[in-house]
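Asker: Quick one, structure for this:
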Amino acid sequence: MFKAIPLAAFALIFGIGLANAATVTNKDSAAIMIVVTEGGQKTEVGIESGQSVNVCAGGCFVTMPNGDRETLSGGETVEITGGKASIK
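Answerer: As a prediction, this is how the structure comes out:
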């Protein structure tokens with residue numbers, strides 16, 4: 001499957017404070033890949049089934065498995081089901 005970037009390394013790379021980061025949860029039965037674009041830099045993030053990751057406290061674009069692109073500012077909760085995102 002996907003080798004997800006360990007959360008601590010991801011946080012260091014992007015300098016995100018986890019308290020204000022958006023949380024993305026994979027509710028699908030299979031692993032998924034999202035693309036996080038922050039500060040013009042794209043990073044692929046693998047998320048196993050049932051796993052949650054924190055991304056982009058300072059604002060970013062996230063490309064979902066179905067190709068939809070969402071703008072996040074940090075603090076959102078995103079659930080992915082059927083490749084589609086539901087932002088809360």
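Asker: Just give the closest residue to residue 59, not the sequence neighbours.
Answerer: Nearest non-adjacent residue to residue 59, counting by Cβ to Cβ, 6 or more residues apart in numbering: residue 73, 4.9 Å away. Glycine gets a C-beta too; all of them are placed from N, C-alpha and C.
Asker: Check which element follows the one helix or strand in the chain whose mean pLDDT sits lowest along the chain.
Answerer: When each helix and strand of the chain is scored by mean pLDDT, DSSP states H and E, helix 7-14 comes last, with a mean of 51. Using DSSP states H and E, the helix or strand that follows helix 7-14 in sequence is strand 22-26.
Asker: Give the pairing partners of that following strand; include direction for each.
Answerer: strand 52-55 (antiparallel), strand 77-81 (parallel) (DSSP bridges).
Asker: in the longest one, what's buried?
Answerer: Across strand 77-81, burial judged by 16 or more other Cβ atoms under 10 Å covers 78-80.
Asker: How far away from the center of its chain is that strand?
Answerer: On the basis of Cα atoms, centre = their mean, to the nearest Å, strand 77-81 sits 9 Å off its chain's mean C-alpha point.
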